[in-house]
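>>> Please find the sequence and the predicted model below.
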Amino acid sequence: MLSERMQTAINKQINAELYSSYLYLSMASYFESVDLSGCASWMYAQTQEEIVHAMKMYDYVNEAGGRVILDAIDKPQEAWDSPLAVFEHAYKHEQLVTSLINDLMNLAIEEKDHATQIFLQWFVSEQVEEEASASGVVNRLKLAGDHGLFMVDKELGQRAMPIPLPEKK
Ligand code: FEO
């Protein structure tokens, strides 16, 4: 059984994961507007991943006898100065999410909630990947410069989509 404090904290993180999904969808929309379809596609995959993160937490709260309470999702940023600025923002955002996951883990330890600690371990490892993946794109974009942007865009378009998107007409 989840403590009230733990339940509230996980519900807050569900909101943060859904916000992440919304933010990446906004980034995808920015990339569509500047005709970088590979970067947009990378962001669609990221959007879907964040929903999976939120749903893992949603299922856990229910399984642990708690109650999921959904809150309003903040409006995400809608414009950036450059493709690089978008991925730098994504990397910074993932660093923030890592700190939120660490705070959740610290609370589970403080509450002596062993089940939640085990549950959160997956997210701790996932955040290492999430940061590496965003910072990897930042580095590739820096190396490529303006001339190599379309090559990086093509490469990012190869990222597998967790859920297939509707065909474009
Ligand atoms: Fe759900 Fe990208 O962290």
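Now that the structure is in, tell me what you want to look at.

>>> how many neighbours does R140 have?
15 (other C-beta atoms under 10 Å). Every C-beta, even on glycine, is put in place using the N, C-alpha and C of the backbone.

>>> what's the closest non-adjacent residue to it?
Distances taken as C-beta to C-beta, 6 or more residues apart in numbering place V152 nearest to R140, at 5.3 Å, with adjacent residues excluded.

>>> Buried residues, the helix or strand harbouring the one you found. List them.
Secondary structure from DSSP states H and E places V152 in helix 149-156. For helix 149-156, a neighbour-count test (16 or more other C-beta atoms under 10 Å) marks L149, V152, D153, E155, L156 as buried.

>>> Name all residues that make contact with the first one.
Contact partners of L149, counting by C-beta atoms under 8 Å, 6 or more residues apart in numbering, are L36, P83, L141.

>>> For P83, list the residues it contacts.
Counted by C-beta under 8 Å, 6+ apart, P83 has contacts F31, V34, L36, C39, L141, L149, D153.

>>> what do you get if the cut-off is 6 Å, keeping everything else the same?
C39 (C-beta atoms under 6 Å, 6 or more residues apart in numbering).

>>> distance of it from the ligand?
Distance from P83 to the ligand, counting by C-beta to the nearest ligand atom, to the nearest Å: 19 Å.

>>> Any idea how far the helix holding V152 is from the middle of the chain?
21 Å (C-alpha atoms, centre = their mean, to the nearest Å).

>>> give me the residue from this protein nearest the ligand.
H53 (3.7 Å; C-beta to the nearest ligand atom).

>>> My read is that P76 contacts Y24, right?
No. Using C-beta atoms under 6 Å, P76 makes no contact with Y24, being 8.4 Å away.

>>> okay, those two: which has more neighbours?
Using other C-beta under 10 Å, the more surrounded residue of P76 and Y24 is Y24, with 24 against 16.

>>> A45 is in contact with that one, correct?
No. At 8.8 Å, Y24 does not count as touching A45 under the criterion of C-beta under 6 Å.

>>> Give me the pLDDT value at P162.
P162 is assigned 82 on the pLDDT scale.

>>> tally of neighbours for it?
13.

>>> Need the nearest residue in space to it, chain neighbours excluded.
Q48 (4.5 Å).

>>> how many neighbours does the one you found have?
Q48 has 18 nearby residues by other C-beta under 10 Å.

>>> so which strand or helix has the closest residue to E17 other than its chain neighbours?
Distance criterion C-beta to C-beta, 6+ apart; nearest residue to E17, sequence neighbours excluded, is A54 at 3.8 Å. Assigned by DSSP H and E, A54 belongs to helix 37-63.
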